[in-house]
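Peer 1: Starting from these lines, generate the structure:
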Amino acid sequence: MTHPLASISRRRFLGLGAGAATGLGVTLGYPRIAAFAADLEDFIKGPPVPDIAPQQLSEHVWMIYSKDGFPTPENQGMMSNITFVLTRKGVVFLDPGGSLQIGEMALRQVRKLTDKPVVAVFNSHYHGDHWLANHACVDAFGPDLPIYAHPLTKNQIEGVEGSSWRSLMERWTNQATAGTRIVPPNQIVEHGAEFDYGDLTLRVHHYGTAHTPGDICVEVVQDKLTFVGDVAMDRRIANMDDGSYLGTFRFYDELEKNAPSRIWVPGHGHPSDQVLNWNRELFEGIYDNCVTTVKEGLGMEVARDRVIKDPRVASRAADTLGFDANIGKYTSIAYLEAEKEAF
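Peer 2: Numbers count the residues shown, from 1 in each chain. Okay, here's the model as predicted:
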């Protein structure tokens, strides 16, 4: 069944008339073509996302929590947390969400707390549930709004990952995210970059490949809080298709050493001081067993059996979203990485 469309300007859309449509490719000038395209986009826009009240995490940081870990027609793609920082100079988004509609919902929540403008957006990596709402931010605050990301992330969003994620989100949500445009980051950041927002300093951390090769984490220095994106998750198995277990362990070591924080804020799950530890132990339970199995010259099925029985993994199975569907796949990824390291 086709998803109901919430924003339909039929009168303007049909007002072009049959004759205008017939000559679209030949006789219409650019302004009319552009107007037609804008009306078409409005015609197919998916429905609004219901409001989710933000939770205050620290003096300056708020989060709109996503209870779901995967996109569905029912949640309209609301599958990752949206974090924002209220600074003296304005609002800074740390991953604005996965669609135009989700971003619009987030902006409504911000307006309940402040009338200051959004002055910056940071995209933690190139998976679309974290950045597709860039569209809502530039619609509200203009195309010159700074959107920061690691160079690799910017490149991927401008390329295959951008178009792929937009299409996937539409398919997974039965077109609820329709109307969302790809708006790539327009600024690049490297490890160690600092941003002064008057009363707060935001510091960027990047330590190589973890969840993806281009992950950044953003430390809100004065609040002793660090937004970690998908480098670590809470009660959800991370997608490691583009990542590295060993790289993740190194990333955690460096974060703990260089970003002293009382709160780690994940892209999925609840923030706490234990987010890195929770994820580290789960990943060690997976990777350590794969290393042992490879050293013994045994196959992937043996590794999987050992992983599932390991207390560090078994104790997390019941309350980890996507565990049964993904543990085999991510054991295979760990096994291949252990095999590569062994040779």
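Peer 1: switch to C-alpha atoms for all contacts and neighbour counts from now on
Peer 2: Will do.
Peer 1: contacting residues around the nearest residue to residue 252 once chain neighbours are set aside?
Peer 2: The spatial neighbour of residue 252 that comes closest, neighbours along the chain excluded (C-alpha to C-alpha, 6 or more residues apart in numbering), is residue 276 at 6.8 Å. Contacts here follow C-alpha atoms under 8 Å, 6 or more residues apart in numbering; on that basis residue 276 touches 232, 233, 252, 264.
Peer 1: just the buried members of the residues you listed?
Peer 2: Buried by 16 or more other C-alpha atoms under 10 Å: 232, 233, 252, 264, out of the contacts of residue 276.
Peer 1: Tell me how far the third one lies from residue 283.
Peer 2: By that I understand residue 252. Residue 252 sits 12 Å away from residue 283, going by C-alpha to C-alpha, to the nearest Å.
Peer 1: returning to that earlier point: out of the contacts of residue 276, list just those in strands.
Peer 2: With strands taken from DSSP state E, the overlap with the contacts of residue 276 comprises residue 264.
Peer 1: Need the max-distance pair from the contacts of residue 276.
Peer 2: Based on C-alpha to C-alpha, the longest span within the contacts of residue 276 runs between 233 and 252 and measures 12.2 Å.
Peer 1: Looking at the buried ones among the contacts of residue 276, which one is closest to residue 59?
Peer 2: When the buried ones among the contacts of residue 276 are ranked by distance to residue 59 (C-alpha to C-alpha), residue 264 comes first, at 14.6 Å.
Peer 1: Would you check that the closest one makes contact with residue 271?
Peer 2: Yes. Checked against C-alpha atoms under 8 Å, the pair residue 264 and residue 271 is within contact range at 5.6 Å.
Peer 1: sec struct for residue 285, please.
Peer 2: Secondary structure of residue 285, reduced to three states by DSSP: H, G, I helix; E, B strand; the rest coil: helix.
Peer 1: again, but for the one 3 residues further on
Peer 2: State at residue 288, reduced to three classes by three-state DSSP: helix.
Peer 1: And the next helix or strand past whichever helix or strand residue 156 is part of?
Peer 2: When secondary structure is defined using DSSP states H and E, the element that contains residue 156 is helix 151-158. Scanning the chain past helix 151-158 towards its C-terminal end, the next helix or strand to appear is helix 160-172 (assignment: DSSP H and E).
Peer 1: Name the residues that touch that following helix?
Peer 2: With C-alpha under 8 Å, 6+ apart as the contact definition, helix 160-172 has outside contacts at 71-73, 77, 98, 126-129, 132, 156-157, 175-178, 180-182, 184.
Peer 1: and residue 293, that one's in a helix?
Peer 2: Yes. Looking at residue 293 with three-state DSSP, it is inside a helix.
Peer 1: List phi and psi for residue 228.
Peer 2: For residue 228, the backbone dihedrals (degrees, to the nearest 10) come out as phi -110, psi 0.
Peer 1: what about it, distance to residue 272?
Peer 2: Applying C-alpha to C-alpha to residue 228 and residue 272 gives a distance of 11 Å.
Peer 1: Residue 97 too?
Peer 2: 21 Å.
Peer 1: who's more crowded, these two?
Peer 2: A side-by-side neighbour count of residue 97 and residue 272, using other C-alpha atoms under 10 Å, places residue 97 first with 33 against 16.
Peer 1: Over to that one. Which of the three states is it?
Peer 2: coil.
Peer 1: Also residue 139?
Peer 2: helix.
Peer 1: secondary structure element for the residue nearest to residue 252?
Peer 2: Residue-wise, residue 276 maps onto helix 275-295 under DSSP H and E.
Peer 1: hey, C-alpha coordinates of that helix in CSV?
Peer 2: What follows is helix 275-295 as a C-alpha-only set of coordinates in CSV (Å, rounded to 0.1, in the frame of the first residue of the first chain):
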residue,chain,number,x,y,z
VAL,A,275,29.0,3.3,26.7
LEU,A,276,32.5,2.6,25.6
ASN,A,277,33.0,-0.2,28.1
TRP,A,278,29.8,-1.9,27.1
ASN,A,279,30.7,-1.9,23.5
ARG,A,280,34.4,-2.8,24.1
GLU,A,281,33.5,-5.9,26.0
LEU,A,282,31.0,-7.1,23.4
PHE,A,283,33.5,-6.5,20.6
GLU,A,284,36.3,-8.2,22.6
GLY,A,285,34.1,-11.2,23.1
ILE,A,286,33.6,-11.4,19.3
TYR,A,287,37.1,-10.6,18.2
ASP,A,288,39.1,-12.5,20.8
ASN,A,289,37.4,-15.8,19.9
CYS,A,290,38.0,-15.2,16.2
VAL,A,291,41.7,-14.7,16.8
THR,A,292,41.9,-17.9,18.9
THR,A,293,40.0,-19.9,16.2
VAL,A,294,42.2,-18.6,13.4
LYS,A,295,45.4,-19.4,15.3
